[in-house]
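Visitor: fold the following and give me the result.
(one chain, ligands or ions: 1)
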Amino acid sequence: MKNLIAALLVIFFSINHNLSAWGQTGHRVVGHIAQQYLDPTVAKKVSKILDGRKLSMVANWCDHIKSFKEHEHTFWWHFINIKDGVKYHQAKHQKNGDIIEAIERFSKTLSNSKLDHSARQESLKWLVHLLGDIHQPLHAGHAKDQGGNLIKLKWFGKESNLHEVWDVGLIDYQNLSFTELSDSINFVSVKQVQDWQDSDVYDWLDEAMTYRSRVYDLKSKDLSYVYQAHNVEFVNHQLLKAGVRLAGVLNSLLK
Ligand SMILES: [Zn+2]
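Guide: Model prediction:
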């Protein structure tokens with residue numbers, strides 16, 4: 001019975017939880033920006049691990065595989081449900097894993113040069129994706145509304161939900177390609193790069209939770225220009241921060 005309930009829950013969440021995070025453009029922006037902050041020797045190693053591909057081009061792989069039966073269990077690695085004011089180590093653990101433990105696990109496998117090529121390649125793809133996800137505030141969300149998926153609303157007149165607005169809506173409304181968006185936001189001081197990189201996955205989780213008041217500040221359920229104007233710079237800032245931090249993680253793991 002327990003197994004049946006677990007299976008039904010997976011199906012339920014899979015249908016209801018649109019967990020692409022940042023959508024395709026957002027994830028590519030994170031990868032594209034990170035690529036520019038890699039140490040030259042690390043960039044060479046990254047290229048070798050990815051068989052010559054760039055970080056931006058592998059950033060969405062984890063979303064593509066989710067639909068396959070054999071990868072269904074990975075659904076849980078894209079997010080964490082956590083209550084206000086709770087630290088990771090106090091939180092109720094998701095038994096199939098969560099984004100924090102997944103980032104730690106893939107960091108270990110990527111840095112282990114004794115592991116085979118495909119295991120390390122997969123770990124790198126996961127890290128590129130999950131560093132993006134953890135900077136989307138609703139991937140550290142409330143269980144009660146499934147990270148905003150249950151908050152149904154309209155986005156410029158179309159049926160949507162709060163999670164999707166943050167994954168895709170706020171980014172796609174800018175109508176820029178991933179390279180155009182990256183180039184338009186990639187202005188950051190050396191000091192800022194250091195400050196952002198001088199942090200760990202627990203800091204990123206705590207930080208994501210502090211943005212809840214902004215995300216949930218809905219004056220109506222019919223969102224358009226005003227919500228976009230209030231949040232677009234913030235979203236872009238999160239993408240930039242995620243890219244810079246991803247580079248920091250890779251520089252440290254592959255040095
Ligand atoms: Zn994801």
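
Visitor: ok, F187 - how many residues close by?
Guide: Here the count is done by other Cβ atoms under 10 Å, and F187 has 8 residues near it. C-beta coordinates here come from the backbone N, C-alpha and C atoms, glycine included.

Visitor: what's stretch 190-198 in contact with?
Guide: Residues outside stretch 190-198 that contact it (Cβ atoms under 8 Å, 6 or more residues apart in numbering) are Y37, K241, V244, R245, A247, G248.

Visitor: what sits against the first one?
Guide: I take that to be Y37. Counting by Cβ under 8 Å, 6+ apart, Y37 touches V193, G243, V244, A247, G248, N251.

Visitor: again, 6 Å this time
Guide: Under the criterion of Cβ atoms under 6 Å, 6 or more residues apart in numbering, the contact list for Y37 reads V244, A247.

Visitor: can you list phi and psi of it for me?
Guide: Phi and psi for Y37, reported as degrees, to the nearest 10, are phi -110, psi 10.

Visitor: can you name the residues that contact Q24?
Guide: Residues in contact with Q24, defined by Cβ under 6 Å, 6+ apart, are N60.

Visitor: follow-up on the earlier one: out of the contacts of stretch 190-198, list just those in helices.
Guide: Of the positions in the contacts of stretch 190-198, K241, V244, R245, A247, G248 sit in helices, assigned by DSSP state H.

Visitor: nearest to the ion among these?
Guide: Closest approach to the ion among the ones in helices among the contacts of stretch 190-198 (Cβ to the ion): R245, at 16.0 Å.

Visitor: how about the nearest residue to the closest one, chain neighbours excluded?
Guide: W196 (5.6 Å; Cβ to Cβ, 6 or more residues apart in numbering).

Visitor: please identify the helix or strand for that neighbour.
Guide: Here W196 is covered by helix 190-197, with elements defined by DSSP states H and E.

Visitor: TSV for the ones in helices among the contacts of stretch 190-198, including neighbour count, distance to the ion and pLDDT?
Guide: Written out in TSV, the entries for the ones in helices among the contacts of stretch 190-198 read as follows (neighbours: other Cβ atoms under 10 Å; distance: Cβ to the ion, whole Å; pLDDT from 0 to 100):
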residue	neighbour count	distance to the ion	pLDDT
K241	23	17	98
V244	23	19	98
R245	27	16	98
A247	27	19	98
G248	20	20	98
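
Visitor: which of those residues lies closest to I99?
Guide: Comparing the ones in helices among the contacts of stretch 190-198 against I99 with Cβ to Cβ places R245 closest, at 13.9 Å.

Visitor: ok, the contacts of stretch 190-198 vs D116, which is closest?
Guide: Distance ranking of those against D116, using Cβ to Cβ, places A247 first at 24.8 Å.

Visitor: was I right to think the closest one contacts Q36?
Guide: No. Taking contact to mean Cβ atoms under 6 Å, the distance of 7.6 Å between A247 and Q36 leaves them out of contact.

Visitor: surely W155 meets L170?
Guide: No. With contacts defined as Cβ under 6 Å, W155 does not count as touching L170, sitting 9.0 Å away.
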